[in-house]
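Enquirer: next one to model:
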Amino acid sequence: MKIVVVGGSGLIGSKVVHNLGEQGHEAVAASPKTGVNTLTGDGVAEVLDGADVVVDVSNSPSFEDAAVREFFETSTRTLLAAAATAGVGHHVVLSIVGSDRLPDSGYMRAKVAQEKLVAASGLPYSVVHATQFFEFVQGIVDAATDGDTVRLAPVFIQPMAADDVATEVTAVAVGAPVNGVVEIAGPEQFRLDELGRSVLAARDDSRAVVTDPDARYFGATLGVRSLVPADGARIAATRLDEWRARTAR
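Expert: Alright, predicted model coming up:
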């Protein structure tokens, strides 16, 4: 199959392209680096010509509320229109576990808007909801930092390795459209505040984590299970300690 990976030059996209190629598919990385711009439409029709599947793992260059909404809505409409013209048989989009539970977050609202556009398009589709990546946990800690203090809520989080995200997205891409949501997550649940302490300790970082039930998560108020999947999620294999050992090597 010809499978176009939008955002194919990024962390997840490059891994998906590699996985698909290893399986014998014609995997095409589409991004501004390869001359494909989903905001302007440049190169989109050309790259989708003859495509069987589109996988959208692209991300907004700005996380400001209005900008991120504009990115996901514009790029998704561009892709959907071109995919319909090209006769693409499966549109896959990567989103986030809990996107519909965190309306205080402009980023999550933008992802929900993207998902709704895909679901309403009439194209066969699959939405993959992933939990946070191990690679991004440091960023969560940094965003919650004020001086030498990190304020994190005592809520559950079930992060996973980017390699496992790519493996699951690849499996969805080569499978039949589910016309709904597939949830994927890591094998372990942590409390977010305890995970933050673990991250800092692993880096000999002297910042102190304060457990704060009212702490915001990128501007959003968290429920105890806002960041973890429902029953029936696909569970990846890589545990946090294994990932740490692998990345250290």
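
Enquirer: ok, then the element right after the host helix or strand of residue 80?
Expert: Assigned by DSSP states H and E, residue 80 falls within helix 65-86. Per DSSP H and E, the first helix or strand lying C-terminal to helix 65-86 is strand 90-96.

Enquirer: neighbouring contacts of that following strand?
Expert: 12, 52-57, 76, 79-80, 83, 108, 111, 114-115, 118, 121, 123-132, 165, 169, 172-173, 176-177 (C-beta atoms under 8 Å, 6 or more residues apart in numbering). C-beta: built from backbone N, CA, C; applies to glycine.

Enquirer: keep only those of the residues you listed that are in strands.
Expert: 53, 54, 55, 56, 125, 126, 127, 128, 129, 130 (DSSP state E).

Enquirer: please name the bridge partners of the third one.
Expert: On the basis of DSSP bridges, residue 55 is bridged to residue 5, residue 92.

Enquirer: number of residues surrounding it?
Expert: A count of nearby residues for residue 55, using other C-beta atoms under 10 Å, gives 31.

Enquirer: if I pick it, what's in contact with it?
Expert: Residues in contact with residue 55, defined by C-beta under 8 Å, 6+ apart, are 3, 4, 5, 6, 13, 16, 92, 93, 94, 169, 173.

Enquirer: save these as a markdown table, and put in distance to residue 26 too.
Expert: Formatted as a markdown table, these follow (distance: C-beta to C-beta, whole Å):
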| residue | distance to residue 26 |
| --- | --- |
| 3 | 7 |
| 4 | 9 |
| 5 | 11 |
| 6 | 15 |
| 13 | 15 |
| 16 | 13 |
| 92 | 16 |
| 93 | 20 |
| 94 | 20 |
| 169 | 17 |
| 173 | 12 |
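
Enquirer: most neighbours out of those, which is it?
Expert: Result: residue 5 is most packed of the contacts of residue 55 (other C-beta under 10 Å), 32 neighbours.

Enquirer: any quick PyMOL command for the buried ones out of the contacts of strand 90-96?
Expert: With 16 or more other C-beta atoms under 10 Å as the criterion, this PyMOL line picks the buried residues out of these:
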select buried, resi 12+52+53+54+55+56+57+76+79+80+83+108+111+114+115+118+121+123+125+126+127+128+129+130+131+132+165+169+172+173
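
Enquirer: residue 199 contacts residue 135, doesn't it?
Expert: No: the criterion here is C-beta atoms under 8 Å, and residue 199 misses it with residue 135 at 11.5 Å.
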